[in-house]
Every structure is written in C-alpha cells, then in structure tokens.
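*Asks:* the amino acid sequence is not available; the structure is as follows:
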C-alpha cells in the first residue's frame, strides 16, 4: 500500500513539474512602470492570451532604473517603459546586453505648473524641476528650448544638461529629481517637465493641463526591450504583435486621452 501511495505521489510530482515547465515556456515576464502603462499592458496581456495562448506575467516597477537591471539578470523576459535614448544611455553606463525589438507609443512629455496658467507669465528666477536621469533630462531641456525658455548648445544633442544652456533670459534655476517625484514637486517649484505616464497617474490630462507639450515629431517613442539572446524566441514576435494590435491602439486612446501617439 505504501509503495502504491509513493508511486501515485511520484506520478503527481512529474505531472506538476511538466505543467510548470510548459507554463514557463509559454509565459513571458514583462516589466512596466506602475500606472497607466500597466493598464495598457493588461490589454496586450488579454490579447496575447486570446490570440496566441501566450501568458504575460506583468511585473510593476516604480522607477526607471530597476526594469533594465531585472531584464539583464533574467528576472524579466522583456520590459516596456523606455525610449531609445534612455536605453542607449543605460547600455553605455551599465553594459547591459539589451536590444529593442519594436516601438509602441510616443507619450509626450509636458510642462506643468500649480502656479501658472500660461508660460508667458513665468517669472524671472523661477525654479524648474526636470528628471535626473540623463536621457529624460536632455528631453526636458529640449522641450524647454522648444518652448523658447532657454537655448542649448547644439553639440549637446539628446543628452543636454543645464551646463549646456547658452541662453537663459529668464534666469531660470533647475532642480533635478527622480522622474517619479516630479508631480509631487509642483507645490515647491514654478514649473516641472513631466513624463506622460506619471502625469496621467497623478490625475493630469496632458492635452488639457500641460502648459506646453511635445508634438508628434518627438524622437522619444517607447520601445519593447529584450535581451539579445532572446531575439530568435518566437514568443517575442507574438508579444510585439499584441502590443501593436488595434486593440491596444484603441485602449491607448482611452487611457491616455488621445495623447498616446502610435509609433509603429
């Protein structure tokens, strides 16, 4: 009797192990920043399951630095939160073996304020909050330049810093903060350059509340990133197809108030 029980338990163990292996082979762990992008990924998750029987396990993060570290050490299979300039800088700084396999949306960065209704009323000597990571800092400064508040040295390109400002007629001063903290900084600064995902999560409507907003010509489309050793994994093509589906496009219009611009 005991031998029979052992055989049954052993058989159940083999079945469970096989089921786990099968699930792992058909599951992608995908990192995303908590907020509206998570909701959008949930739409892709449902589409991938229905269309390809592909399981997407969503892993949420609250900052921009952890998702690439987790992807690089194989804790994730993919992430969807960043644009190409940010990835390029991370690869340069951290020597990550990561690559983009597709684009999703441009989420336009905007200039927001608790104190102003129009940028024309920006006082001299105002304090301006910008992201402290290299690529988004450059993005914010380029946005301020496009709003005609500053002028940058052209040699700085996409990675400008406040040291690259060559004309600052309003004598603005800058404070560099983690991107996730910028909405909370609004009571303490005059204006802040904020990424759409954080702005929407804080209750802002970019089209209504931003004093100035990036246009469709922005080079900062979000991308789908994986490790280079996964480029031939057929699941990745299915994942890209799900994220670039009409279903996800329609969901983005609703979630981001028509401010998510398809980039594929």
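*Replies:* Right, received. Where do you want to start? Since we're looking at a predicted model, the values are computed, not measured.
*Asks:* show the average pLDDT along the host helix or strand of residue 102.
*Replies:* Per DSSP states H and E: residue 102 is located in strand 98-106. Strand 98-106 shows an average pLDDT of 96 in the prediction.
*Asks:* which other helices and strands does the very next helix or strand once past that strand contact?
*Replies:* For strand 98-106, the succeeding helix or strand toward the C-terminus, using DSSP H and E, is strand 110-112. When contacts are defined as 3 or more CB pairs under 8 Å, 6 or more residues apart in numbering; DSSP states H and E, strand 110-112 packs onto helix 134-146, strand 191-194, helix 196-201, helix 206-209, strand 212-213. (Glycine included, C-beta is placed from N, CA and C.)
*Asks:* what's the helix or strand just after the longest one packed up against?
*Replies:* Spelled out, that is helix 134-146. For helix 134-146, the succeeding helix or strand toward the C-terminus, using DSSP H and E, is strand 151-152. With contacts taken as 3+ CB pairs under 8 Å, 6+ apart, strand 151-152 sits against helix 134-146, strand 165-167.
*Asks:* how distant is the longest one from the center of its chain?
*Replies:* Pointing back at helix 134-146 there. Distance, stretch centre to chain centre, for helix 134-146: 16 Å (CA atoms, centre = their mean, to the nearest Å).
*Asks:* now residue 53. Nearest residue, chain neighbours left out?
*Replies:* Closest residue in space to residue 53, ignoring its immediate chain neighbours: residue 26 at 6.7 Å, by CB to CB, 6 or more residues apart in numbering.
*Asks:* hmm, I was thinking of residue 49
*Replies:* Leaving aside its chain neighbours, residue 49 sits nearest to residue 55 (6.4 Å; criterion: CB to CB, 6+ apart).
*Asks:* what about that neighbour, how many residues nearby?
*Replies:* Neighbour count for residue 55, taken as other CB atoms under 10 Å: 16.
*Asks:* what sits against it?
*Replies:* The contact partners of residue 55, by CB atoms under 8 Å, 6 or more residues apart in numbering, come to 23, 26-28, 48-49.
*Asks:* need phi/psi at it.
*Replies:* Main-chain dihedrals, residue 55, degrees, to the nearest 10: phi -90, psi 130.
*Asks:* ditto for the one 10 residues further on
*Replies:* Here the main-chain torsion angles of residue 65 (degrees, to the nearest 10) amount to phi -90, psi -30.
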